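In: Mind folding the following:
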Amino acid sequence: MNTTDLRTIMQTAWQFFRTTGKAFSDCLKKAWLNFKLKAAMRIGIVRFYFQKIDGTIREAWGTLRTDLIPQHKGDDRRRNDTIQTYFDTEKQEYRCFKKLNLISL
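Out: Numbering: from 1, shown residues only. Now for the predicted structure:
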């Protein structure tokens, strides 16, 4: 862990705080959970849960490990820091969810 990682975690926590108005400690926990998920997905396939837009809970199996995903064609989409993109190993396609909706690993 380096200072860039800590900076990213704090920026995410402040973003959650400004968006939701919840206690900063809760936002910081959510930011750490997102950081741990991303780190784990870089290593292998991870099972995690998030709340979908319609309110239902979704169990997902995803990864960011480059040797486990097919070649991705680049596109000109803008980067969105509120969204986490991952490769769904069950559906065999790219998916995403709002970082704020992550529930657990």
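
In: Quick one: residues contacting Ala31.
Out: Ile9, Met10, Thr12, Ala13, Phe16 (C-beta atoms under 8 Å, 6 or more residues apart in numbering). All C-beta atoms are positioned from the backbone trio N, CA, C, and that covers glycine.

In: Wasn't the third one part of a helix?
Out: Yes: using DSSP: H, G, I helix; E, B strand; the rest coil, the assignment for Thr12 is a helix.

In: Can you flag the buried ones in the contacts of Ala31?
Out: Neighbour counting with 16 or more other C-beta atoms under 10 Å marks Ile9, Thr12, Ala13, Phe16 as buried within those.

In: Touching, the first one and Trp32? I think so.
Out: Meaning Ile9. Yes: between Ile9 and Trp32 there is a contact under C-beta atoms under 8 Å: 6.1 Å.

In: in this structure, which spans are strands?
Out: Applying DSSP state E to the chain gives strands spanning 46-51, 57-63, 83-88, 93-98, 102-104.

In: For these, give me TSV that also has distance to Lys38 and mean pLDDT.
Out: Output for these, formatted as TSV (distance: least, C-beta to C-beta, whole Å; pLDDT from 0 to 100):
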stretch	distance to Lys38	mean pLDDT
strand 46-51	9	95
strand 57-63	10	95
strand 83-88	7	92
strand 93-98	12	92
strand 102-104	10	94
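
In: With adjacent residues omitted, what lies nearest to the residue nearest to the spatial centre of the chain?
Out: The chain has Gln84 as the residue nearest its centroid, 3.8 Å off, counting by C-alpha atoms, centre = their mean. Leaving aside its sequence neighbours, Gln84 sits nearest to Lys99 (C-beta to C-beta, 6 or more residues apart in numbering; 5.2 Å).

In: and that neighbour, how many residues sit next to it?
Out: Neighbour count of Lys99, defined by other C-beta atoms under 10 Å: 22.

In: hang on, it packs against Thr12?
Out: Yes: with contact defined as C-beta under 8 Å, Lys99 and Thr12 form a contacting pair (6.9 Å).

In: follow-up on the earlier one: out of the strands of the chain, which comes closest to Ala23?
Out: Across those, Ala23 has its closest neighbour in strand 102-104 (17.0 Å, C-beta to C-beta).
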